[in-house]
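> Next come a sequence and a model predicted from it.
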Amino acid sequence: MVKVLFVCLGNICRSPMAEAVFRELVRKEGLSDQIEVDSCGTGHWHVGQPPHEGTLKVLKKHGIPSDGLRGRVLTKEDIETFDYIIAMDESNVENILWRCDERSRHKVHRLLDFSPEIPVRDVPDPYYDGRFDYVYDLISTGAKNLLEHIKKEALHVSEA
């Protein structure tokens, strides 16, 4: 089982969106029995809360289920057990690495590092500017590329 964790600051905008989008991609590929998906935040402000209404609206617009998404905080156990810890921006990468020991640092990546064709590296936080559709587009592309990477590198699935 490959375990993928998406991380942003508060776990109500970007990372739950990424979790839902990636989970749906995994389901459509028939890989739900091989890939586990979750999300969390580096901050504690929204623990137990559902995603931001902007995130829920954009997921609904694209027909992506949002059931069970609730804010939670990154734990030491997460760092130990997840194979891929996918941050939404450089600030979150730094926050995660600060909590990691040397054995876990290789697991931490920025989502858009899997999408060199996109001219930005950070997924911006739509909490402040409301650009949920733009963030969805970035996350959707990054999630597709991440899944292809995992299929090739971790699951050893080759394209026909």
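Thanks, I have the structure now. Computed from a prediction, not measured in an experiment: that's the story for all the values here.
> Low-confidence ranges, this protein, go.
Scanning the chain for pLDDT under 70 picks out 157-160.
> Which parts of it are helices?
Counting by DSSP state H, the chain has helices at residues 14-28, 53-61, 76-81, 90-99, 126-129, 132-153.
> tell me the most buried of those?
Most buried of these, by mean neighbour count (mean count of other Cβ atoms under 10 Å): helix 14-28, with a mean of 25. (Each C-beta comes from the backbone N, C-alpha and C, glycine too.)
> tell me what it is packed against?
The contact analysis (3 or more Cβ pairs under 8 Å, 6 or more residues apart in numbering; DSSP states H and E) places helix 14-28 against strand 2-8, strand 35-41, helix 53-61, helix 132-153.
> Just the CA trace of it, in PDB.
The C-alpha trace of helix 14-28 is given here as PDB (Å, rounded to 0.1, in the frame of the first residue of the first chain):
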ATOM      1  CA  ARG A  14      -5.700  23.300  -0.700                       C
ATOM      2  CA  SER A  15      -4.800  20.000   0.900                       C
ATOM      3  CA  PRO A  16      -8.400  18.700   1.300                       C
ATOM      4  CA  MET A  17      -9.000  19.700  -2.300                       C
ATOM      5  CA  ALA A  18      -5.900  17.800  -3.300                       C
ATOM      6  CA  GLU A  19      -7.000  14.800  -1.200                       C
ATOM      7  CA  ALA A  20     -10.400  14.600  -2.900                       C
ATOM      8  CA  VAL A  21      -9.100  15.200  -6.400                       C
ATOM      9  CA  PHE A  22      -6.300  12.600  -6.000                       C
ATOM     10  CA  ARG A  23      -8.600  10.100  -4.300                       C
ATOM     11  CA  GLU A  24     -11.000  10.400  -7.300                       C
ATOM     12  CA  LEU A  25      -8.100   9.900  -9.800                       C
ATOM     13  CA  VAL A  26      -7.000   6.800  -7.800                       C
ATOM     14  CA  ARG A  27     -10.600   5.400  -7.800                       C
ATOM     15  CA  LYS A  28     -11.000   6.000 -11.500                       C
END
